[in-house]
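**Q** have a look; sequence and predicted model below, questions after that.
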Amino acid sequence: QKEVEQNSGPLSVPEGAIASLNCTYSDRVSQSFFWYRQYSGKSPELIMSIYSNGDKEDGRFTAQLNKASQYVSLLIRDSQPSDSATYLCAVKSSGGSNYKLTFGKGTLLTVNP
Amino acid sequence: KAGVTQTPRYLIKTRGQQVTLSCSPISGHRSVSWYQQTPGQGLQFLFEYFSETQRNKGNFPGRFSGRQFSNSRSEMNVSTLELGDSALYLCASSFFGSLSSGNTIYFGEGSWLTVV
């Protein structure tokens, strides 16, 4: 059973702080990793993708990948109340041109003004 | 550029009935995948279609089925509805069938199904 695990939270941080979201996965051959943000009652939207070990930065967001540890994280700098949402980690299963994304159950982030 | 369109957005069905949900992908996208989202199980993959062929399937019973038409529009059907089928059903489209670098999947707003 290929799994993606996240802390369910809620994770509460003050405005302006760094929010750190973590995700572990069980399938060692997974190659593509994604972070989605989902506001309550809305559909998920992609905010970051990462494919190789190390850090990838996009604005206030930094994704970190460590394949040896089977760990991927998302850092949100200067957190804003508008960042309050559920963050979903997703991992692409191996299998050539076929794909499916396996999602974690998400971490609820609350940014307090 | 229009996004992924799902219809209907909300529906209520009775146990034992069947339901058909529709998804129109972004123009030019050939891959459509379906997900079920519930508070307890999170987002779970149902199946993926690419150029009218089902290419991958999740661990759901045969009551869940789908198809894709030549214009890439897709439908999913759930027969003999159970209370546990109450969920948000999300459709996602992408240009390619695989998630290579730079290829993104885009979700529709979802169809909220309540089974009573």
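**A** On my side now, so go ahead.
**Q** where does the prediction get shaky in the chain?
**A** No chain specified, so I'll use chain A. Residue ranges of chain A with pLDDT under 70: A:1-2, A:94-100.
**Q** the chain in question should be chain B.
**A** Short version for chain B, where the test is pLDDT under 70: B:1, B:97-103.
**Q** get me the contact residues on it for chain A.
**A** Within reach of chain A by C-beta under 8 Å from any C-beta of the partner chain, chain B has these residues: B:33, B:35, B:41-45, B:48, B:55-56, B:58, B:90, B:97-99, B:101, B:104-110. Backbone N, C-alpha and C define where each C-beta goes, glycine included.
**Q** spatially central residue in chain B, please.
**A** Ranked by distance to the mean C-alpha position of chain B (C-alpha atoms, centre = their mean), the top residue is residue B:34 at 2.9 Å.
**Q** chain center to stretch B:44-64, what's the gap?
**A** Put simply, stretch B:44-64 sits 9 Å off its chain's centre (C-alpha atoms, centre = their mean, to the nearest Å).
**Q** just stretch A:23-30 next, same as before
**A** Offset of stretch A:23-30 from its chain centre (C-alpha atoms, centre = their mean): 13 Å.
**Q** for the residue nearest to the centre of chain B, which non-adjacent residue is spatially closest?
**A** Closest residue to residue B:34 apart from its sequence neighbours, by C-beta to C-beta, 6 or more residues apart in numbering or on different chains: residue B:46 at 4.1 Å.
**Q** I'd like the next helix or strand past the helix or strand containing that neighbour.
**A** Assessed by DSSP states H and E, residue B:46 sits inside strand B:42-50. Under the assignment DSSP H and E, the closest C-terminal helix or strand after strand B:42-50 is strand B:53-57.
**Q** by how many degrees do the strand holding residue B:46 and strand B:53-57 diverge?
**A** With axes from the mean of the first three to the mean of the last three C-alpha atoms, to 10 degrees as the basis, strand B:42-50 and strand B:53-57 are set at 150 degrees to each other.
**Q** list the contacts of strand B:42-50.
**A** Applying C-beta atoms under 8 Å, 6 or more residues apart in numbering or on different chains, the set of residues contacting strand B:42-50 from outside is A:44, A:88, A:90, A:98-106, B:30-38, B:54-60, B:64, B:66-68, B:74, B:76, B:89-90, B:97.
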